[in-house]
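In: Kindly generate the corresponding structure for this input.
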Amino acid sequence: MIPLLKLKGVSKRFGGVHALRQCNFSLQSGEIHFLIGANGCGKSTLSKIIVCALEKDSGEILYNGNPVNFSNPGDARQAGIDVVYQELSLIPDLSVQENMFLGSRNQGKLGFTDTKAQEKICRAALERFKGVVSENLTPDIPVNRLTADERQIVEILKVFIREPKVIILDEASSSLHSTQVEILFNLVRELKEKGHSVIMISHKMKELFEIGDRATIIRNGLTVATVELKESSHEEIVTHMVGEQYFSADKINRVPKDEIFLTIKDLSAGKLKDINLTLFKGEILGLSGLQGQGQSELLLTLFGGHPEYKGDLFLDGKKLNLRSPAHSVRDGFAYISGDRKSYGVFPVRSILENTVLAYLKKTGRKFFSRKSLRSEVLPILERLDLIYDNLDDSISQLSGGNQQKIIIGRWLMTGPKVILMDDPTKGVDIKTKEELYALMKELCDTGVSIIWNSSEDQEILRNADRVLVLNDGWIVDELREDRLSEYELYKAAMA
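Out: As a prediction, the model looks like this:
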């Protein structure tokens with residue numbers, strides 16, 4: 001059978017870095033095919049080359065058996081190939097409907113835009129997610145008033161309503177919670193039944209085996225294997241990804257110091273209601289529950305993001321005043337978010353500048369030499385096993401996982417007492433996740449405490465010492481020891 005889409009010997013370089021090296025890939029009609037591999041291995045680069053968002057250096061692309069050379073993504077879209085990017089392409093000030101139909105030719109009889117027809121299509125598409133998004137998600141609402149998951153849904157639907165022959169989903173589920181992901185998967189299955197094909201880029205192993213037919217694994221710019229998922233296993237795929245045998249370790253029961261480090265009494269802010277908790281020195285305290293129940297809000301409040309809060313907080317016996325992030329940093333808090341675009345990187349700045357920002361702010365240093373800063377930064381980046389070419393390169397040249405390492409390094413330079421982590425592994429590959437878990441435990445062994453919100457239940461159950469379950473802004477349960485299980489977590493979250 002002739003593949004619907006085939007790439008032969010595709011290569012791409014960025015300066016001295018080989019993003020892709022003689023990559024081969026084939027997609028059959030009616031297939032759900034995963035592209036997987038570590039961050040920076042070339043998955044997103046390959047998807048952008050398919051639609052000519054990036055130009056390949058060499059190689060050949062065949063579509064329906066014929067060589068193609070699209071001039072731009074618009075040409076690829078016209079041919080029936082479209083992509084949902086990891087970084088959103090929505091225009092914030094336009095409405096949901098206007099964003100969905102940007103560039104469309106849906107016109108009425110006199111040549112004018114048929115807004116009524118567009119609204120009907122838009123409402124029908126949004127109806128698929130009814131009950132798992134806010135009632136305010138309507139065709140006329142501006143995108144800048146939507147939550148992160150709602151914006152991702154609009155980005156997805158903008159492509160799905162066109163029903164292209166090939167859809168590329170670049171980590172499209174990373175901002176969605178489980179019920180939203182299931183609806184997305186239903187949409188993907190429906191397209192498959194119609195003979196359409198889907199390329200999915202994901203770091204969630206569960207998704208591969210739940211919905212995928214085949215997976216192509218990329219390592220260091222090379223396509224190292226293509227496997228039939230029904231005949232494969234978790235261990236086989238990770239072996240291809242990292243080049244060595246890997247098994248997830250069982251949970252290690254750590255014993256944090258029996259010393260209360262942070263005390264929170266009757267904290268209310270935004271949707272948070274009478275939060276009471278204690279954090280021990282050297283402890284990893286997990287936050288869980290259904291997405292959007294106050295976990296992120298609690299972390300932002302502790303980082304000075306809600307100065308109108310009510311309640312009392314004590315760190316190492318000292319009463320805190322969370323007036324601003326600057327005050328929180330001086331008190332010893334660090335904040336690491338999985339939303340790199342909003343809370344993490346400064347894309348126009350260099351790797352060096354992105355790494356030292358918080359350190360310079362905390363120390364108040366106004367005069368410094370770049371040479372001395374480099375000597376302080378290099379050991380941190382070496383510790384994090386960062387892959388980069390030059391410290392003066394723009395951080396935007398790095399993969400998402402390596403950008404996240406920069407953010408972690410930024411806060412390690414400040415010598416934090418408490419690290420607030422809001423879904424920091426979102427969009428990060430398995431190997432980098434394991435490195436982060438090991439680093440967290442290493443930091444805790446030195447007396448650092450961590451409060452950690454994660455959208456991946458297994459991740460937090462395996463690595464946290466305790467887990468607090470939130471529901472509608474309340475802490476509804478505390479899981480520890482034998483109760484650290486999915487059953488107990490879901491029972492508490494959905495009570």
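
In: In the stretch 101-250 of the chain, where is pLDDT below threshold?
Out: In the predicted model, the stretch 101-250 of the chain carries pLDDT under 70 at residues 103-112, 242, 244-250.

In: Going along the chain, name the helices of it.
Out: According to DSSP state H, counting those that start in this stretch, the stretch 101-250 of the chain carries its helices in the segments 115-127, 148-160, 178-193, 205-211, 234-242.

In: From the contact counts, what lies against the fourth one?
Out: Same thing as helix 205-211. Using 3 or more CB pairs under 8 Å, 6 or more residues apart in numbering; DSSP states H and E as the contact test, the elements touching helix 205-211 are strand 32-36, helix 178-193, helix 234-242. Where C-beta positions appear, they are placed from N, C-alpha and C, glycine not excepted.

In: Apply 10 Å and report the result again.
Out: In terms of contacts (3 or more CB pairs under 10 Å, 6 or more residues apart in numbering; DSSP states H and E), helix 205-211 is packed against strand 32-36, helix 178-193, strand 197-201, strand 214-219, helix 234-242.

In: What of the first one?
Out: Here helix 115-127 is seen to pack against helix 96-100, helix 148-160 when contacts are counted using 3+ CB pairs under 10 Å, 6+ apart.

In: quick one, which of the helices of the stretch 101-250 of the chain is nearest to residue 360?
Out: Between residue 360 and the helices of the stretch 101-250 of the chain, the shortest separation by CB to CB is 28.9 Å, and it involves helix 148-160.

In: tilt between the closest one and helix 178-193?
Out: 10 degrees (axes from the mean of the first three to the mean of the last three CA atoms, to 10 degrees).

In: Run the chain-centre distance for helix 148-160.
Out: Relative to the centre of its chain, helix 148-160 is centred 15 Å away, using CA atoms, centre = their mean, to the nearest Å.

In: okay, the helices of the stretch 101-250 of the chain, which one's buried deepest?
Out: For the helices of the stretch 101-250 of the chain, the stretch with the most neighbours on average is helix 148-160, a mean of 22; neighbours defined as mean count of other CB atoms under 10 Å.

In: Distance check, residue 443 against residue 77.
Out: When distances are taken as CB to CB, to the nearest Å, residue 443 and residue 77 turn out to be 46 Å apart.

In: er, residue 444 actually
Out: Here the distance between residue 444 and residue 77 works out to 48 Å (CB to CB).

In: Settle it for me: which of those two has more neighbours?
Out: Neighbours were tallied for residue 444 and for residue 77 using other CB atoms under 10 Å; the higher tally belongs to residue 444 (21 against 17).

In: For the closest residue to the more buried one other than its chain neighbours, which three-state class applies?
Out: The shortest distance from residue 444 to any residue that is not its chain neighbour, by CB to CB, 6 or more residues apart in numbering, is 4.5 Å, and that residue is residue 282. Look at residue 282: counting by DSSP: H, G, I helix; E, B strand; the rest coil, its state is coil.

In: wait, what's in contact with residue 282?
Out: With contacts taken as CB atoms under 10 Å, 6 or more residues apart in numbering, residue 282 has the following neighbours: 254-259, 261, 441, 443-450, 465.

In: so how far is residue 484 from it?
Out: To residue 484, residue 282 is 18 Å away according to CB to CB.

In: Residue 287 too?
Out: Taking CB to CB as the measure, residue 287 falls 14 Å from residue 484.

In: any common contacting residues for the two?
Out: Counting by CB under 10 Å, 6+ apart, the residues touching both residue 287 and residue 484 are 460, 464, 467.

In: Which of the residues you listed sits closest to residue 333?
Out: Of all the shared contacts of residue 287 and residue 484, the one with the least separation from residue 333 (CB to CB) is residue 464, at 18.5 Å.

In: The nearest residue to the closest one once chain neighbours are set aside: neighbouring residues, count only.
Out: Across the structure, with CB to CB, 6+ apart as the measure, the residue nearest residue 464 apart from its sequence neighbours is residue 286 (3.2 Å). Other residues within reach of residue 286 by the criterion other CB under 10 Å amount to 26.

In: right, and the helix or strand after the helix or strand containing residue 298?
Out: Taking DSSP states H and E as the criterion, residue 298 maps to helix 295-302. Scanning forward in sequence from helix 295-302, with DSSP H and E defining helices and strands, the next element found is strand 310-315.

In: what sits up against the next helix or strand after that following strand?
Out: For strand 310-315, the succeeding helix or strand toward the C-terminus, using DSSP H and E, is strand 318-319. Under the contact criterion CB under 10 Å, 6+ apart, strand 318-319 has outside partners 263, 312-313, 331-332.

In: ok, back up a step: am I right that the residue nearest to residue 464 sits in a strand?
Out: Yes. Looking at residue 286 with three-state DSSP, it is inside a strand.

In: For beta bridges, what are the partners of it?
Out: For residue 286, the residues forming beta bridges with it (DSSP bridges) are residue 452, residue 467.

In: Tell me who's in contact with it.
Out: Residue 286 sits next to 295, 421, 450-454, 457, 459-461, 463-469, 479, 484, 489 when contact means CB under 10 Å, 6+ apart.

In: One more: residue 456?
Out: Listed by CB under 10 Å, 6+ apart, the contact partners of residue 456 are 203-204, 206, 288, 423, 425-426, 433, 462.

In: which of those are buried?
Out: 203-204, 288, 423, 425-426, 433 (16 or more other CB atoms under 10 Å).

In: Pull the most distant pair out of these.
Out: For the buried ones among the contacts of residue 456, the maximum inter-member distance is 19.0 Å, found between 203 and 288 (CB to CB).

In: Adding distance to residue 372, write the helices and strands packed on helix 205-211 out as CSV.
Out: Below are the helices and strands packed on helix 205-211 laid out as CSV (distance: least, CB to CB, whole Å):
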stretch, distance to residue 372
strand 32-36, 41
helix 178-193, 47
strand 197-201, 40
strand 214-219, 37
helix 234-242, 36
